[in-house]
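> could you work out the structure for the sequence below:
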Amino acid sequence: MTASDQVLLSVTMLRPEEKLLLGALRDEGLTARPLLMEDLAEIVAGHSGPPALALIRNLSHRDAINVSRRLEHAGVPTLNRAATIETCNDKGLQALLFARHGIPHPTTRHAFSFDQVRRTVADLGMPAVVKPVSGSWGRGVSKMTHADCVEAWAAGRESADVTGKQFPVVVQEYIDKPGHDLRVVVVGRTPVVAIQRVSDDWRTNTHLGAEVRRVEVSTEMEKLCGQVVDVLGPGFYGVDLVEDRSTGELLVLEVNANPEFARSSAQHGVNVAGHLAAYVAETLTASAV
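Here you go, the predicted structure:
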């Protein structure tokens, strides 16, 4: 076994996605094994030859950044990179990046206090959406349809966060979707599959019961994903797109650096794990030349 073919899969637990990835990496002739947090000390201490690459699949955003930073400082390349993971784990940072680079995105503003949330919602107009900067599966996302909603949100938030440590939040214009959003899975620079997430709920999230339907990757989807990769760098992403029903414009809502794919792959038939493993093998081959 040589360091050039060793791939670590940094995990919190082996979900179906990680099991598929381990098998796909081994099918590519690579030596792949899981990396738990307690295993990290041995790797960064240099007790064994450095692996060729580490795939970061930790559930915790904090752990993902922590592991990737330490591995990078120890000379181990990571997918995704620590800086990319940090950006993708913060909706506010993403909004700033998208605005700076002209990537179409709903109008999004930071708020650092309850009064600032009130003022920003009023300024953007209702309905508006308030989101924690970090979070997945639609947790903590609230739609403000009138002033009473804002006050109810503030009252509940103040009771759980008296000192305001969970600020900032982002306040975002509400986009009236046509009953679905889009998730495009990107491997390297290539969109490998696109799905609609269809729901009667305004939050079209599979963890909230949205139905998955495969669609073709359109020219516009490919263009937007290309813009995202241009600023984040090649990697493994779930790019969430939303269509404005009133204008037909497609916008980048956010980018996930640790996308789940096992359940949707079983429905749409695209071997996402195989695509990612092939990309890893090609990357390692190219770096060895």
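
> which residues of the stretch 151-289 of the chain fall in helices?
Assigned by DSSP state H, counting those that start in this stretch, the stretch 151-289 of the chain shows helices spanning 219-232, 262-268, 272-288.

> ok, which of the ones you listed comes nearest Leu59?
helix 262-268 (14.0 Å; CB to CB). C-betas here are computed from N, CA, C, even on glycine.

> please state the offset of that closest one from the chain centre?
Offset of helix 262-268 from its chain centre (CA atoms, centre = their mean, to the nearest Å): 18 Å.

> so what does it touch, helix or strand wise?
Counting contacts by 3 or more CB pairs under 8 Å, 6 or more residues apart in numbering; DSSP states H and E, helix 262-268 is packed against helix 16-27, strand 190-198, strand 211-215.

> who's the residue nearest the centre of the chain bridged to?
With distances taken as CA atoms, centre = their mean, the residue of the chain nearest its centroid is Asn256 (0.8 Å). Applying DSSP bridges to Asn256 yields these beta-bridge partners: Gly238.

> before we move on, back to that, and the helices of the stretch 151-289 of the chain as CSV, adding mean pLDDT and distance to Thr145?
Shown next, in CSV, are those (pLDDT from 0 to 100; distance: least, CB to CB, whole Å):
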stretch, mean pLDDT, distance to Thr145
helix 219-232, 98, 28
helix 262-268, 90, 31
helix 272-288, 95, 37
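
> so for Arg100, which of the ones you listed sits nearest?
Comparing those under CB to CB, the one sitting nearest is helix 219-232, at 8.2 Å.

> break down this protein into its strands, ranges please.
6-11, 31-35, 53-57, 78-79, 108-111, 128-132, 142-144, 169-173, 180-188, 190-198, 211-215, 235-243, 250-256 (DSSP state E).

> among the ones you listed, which is the most enclosed?
Most buried of the strands of the chain, by mean neighbour count (mean count of other CB atoms under 10 Å): strand 53-57, with a mean of 24.

> now the helices and strands packed on helix 262-268 as TSV including distance to His268 and mean pLDDT?
TSV is the format used below for those (distance: least, CB to CB, whole Å; pLDDT from 0 to 100):
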stretch	distance to His268	mean pLDDT
helix 16-27	14	98
strand 190-198	6	96
strand 211-215	4	92
